[in-house]
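Colleague: sequence and predicted structure are below.
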Amino acid sequence: MTGDHRYDAGVAIGAVRQVATLMAAAAITAPKSGGQLFLAGKPAFLETVTIDDRQTRSELAGWLRARGKERRETIWFRDADVAEAVDAILFIGLAPNWYPPNYDCGACGYATCAEFLHATKQRRKESAELEFTGPTCNLRDVDLGIAVGSAARTASLHAIDCRCQTRVAVAARKLDLITAELAVALSLSVTHKAVGFDRRMPEVDFDTLDLPGTGTLPIGIDGATRADGARNKQQPRYPTAPR
């Protein structure tokens with residue numbers, strides 16, 4: 001046998017990049033609904049973006065920590081650590097030009113897809129300040145889930161460690177790295193232990209942190225912690241009437 005087959009970080013990153021491309025292809029071919037619309041000339045409604053440079057991942061981590069401070073949730077800081085530790089992140093989401101499959105299934109609570117789009121148009125415009133844009137079609141949400149699952153399976157088939165996350169996708173949206181209105185991040189790495197898992201929740205003193213706001217809602221309620229500090233009750237945007 002010739003050549004040096006010892007572990008090399010450059011080789012690992014090259015492998016991750018190759019597999020990320022295959023994962024993106026698997027995601028694009030995965031959705032199940034609306035095939036007739038595609039045959040009629042409708043464009044693909046999924047977006048795939050891969051980020052693998054250290055600087056951009058550091059920017060994602062910075063945004064995650066700032067968001068964690070204003071939501072007063074330590075889990076954002078944990079995900080920031082993961083973003084810096086992995087080799088690459090593949091984002092899969094519903095592109096701004098997504099459209100319902102015109103099945104008129106009623107899962108959204110409206111009789112027809114056209115009725116849903118008309119009734120929720122203003123609410124989608126008003127949701128720009130939130131982490132994701134909505135409401136979205138329930139079947140397109142299912143399609144996104146199928147796409148993410150297909151991509152994750154592709155990573156597994158090639159022995160690339162993969163963890164599906166949503167908070168990192170929020171950071172990518174707010175930093176204009178992706179245009180998707182709803183997305184999932186697949187964090188990829190090649191190490192002897194999956195860095196996306198086995199991560200302890202960090203200890204964070206929110207009141208002493210000097211981090212900028214993100215201009216994103218919701219934000220945490222002071223003193224209203226739960227789940228041992230991993231989660232914190234959030235302020236609603238619209239007051240809800242008591243039952």
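Modeller: Sure thing, it's come through.
Colleague: which residues of this structure score low on pLDDT?
Modeller: Segments of the chain classed as low confidence (criterion: pLDDT under 70) are 1-9, 227-230, 241-243.
Colleague: so which residues of it form strands?
Modeller: Counting by DSSP state E, the chain has strands at residues 46-51, 88-94, 161-165, 182-189, 220-226, 231-234.
Colleague: tabulate those strands (a markdown table), appending mean neighbour count.
Modeller: C-beta: built from backbone N, CA, C; applies to glycine. A markdown table is the format used below for the strands of the chain (neighbours: other Cβ atoms under 10 Å):
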| stretch | mean neighbour count |
| --- | --- |
| strand 46-51 | 21 |
| strand 88-94 | 26 |
| strand 161-165 | 20 |
| strand 182-189 | 25 |
| strand 220-226 | 13 |
| strand 231-234 | 16 |
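Colleague: distance to Val204 added to those strands, as CSV?
Modeller: Compiled in CSV, the strands of the chain are given as follows (distance: least, Cβ to Cβ, whole Å):
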stretch, distance to Val204
strand 46-51, 25
strand 88-94, 22
strand 161-165, 18
strand 182-189, 21
strand 220-226, 11
strand 231-234, 11
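Colleague: which stretch among those comes nearest Cys105?
Modeller: Checking those against Cys105 by Cβ to Cβ gives strand 88-94 as the closest, at 17.1 Å.
Colleague: now what about the closest one, what contacts it?
Modeller: Counting by Cβ atoms under 8 Å, 6 or more residues apart in numbering, strand 88-94 makes contact with 13, 16-17, 20, 23-24, 27, 45-52, 57, 60, 83, 136, 140, 144, 147-148, 151, 168-169, 172, 177-178, 180-189, all of which sit outside it.
Colleague: try it again at 6 Å.
Modeller: Contact partners of strand 88-94, identified using Cβ atoms under 6 Å, 6 or more residues apart in numbering, comprise 16, 20, 23, 27, 47-52, 140, 144, 147-148, 169, 172, 178, 180-188.
Colleague: again with stretch 142-151
Modeller: The contact list for stretch 142-151, computed with Cβ under 6 Å, 6+ apart, reads Met23, Ala26, Ala27, Ala30, Pro31, Ser33, Leu46, Ile92, Leu94, Cys164, Val184, Leu186.
Colleague: from Gly149, how far out is the closest residue in space to Pro236 that isn't next to it in sequence?
Modeller: The shortest distance from Pro236 to any residue that is not its chain neighbour, by Cβ to Cβ, 6 or more residues apart in numbering, is 6.9 Å, and that residue is Pro218. With distances taken as Cβ to Cβ, to the nearest Å, Pro218 is found 28 Å from Gly149.
Colleague: check Ala194 too.
Modeller: Ala194 sits 18 Å away from Gly149, taking Cβ to Cβ as the criterion.
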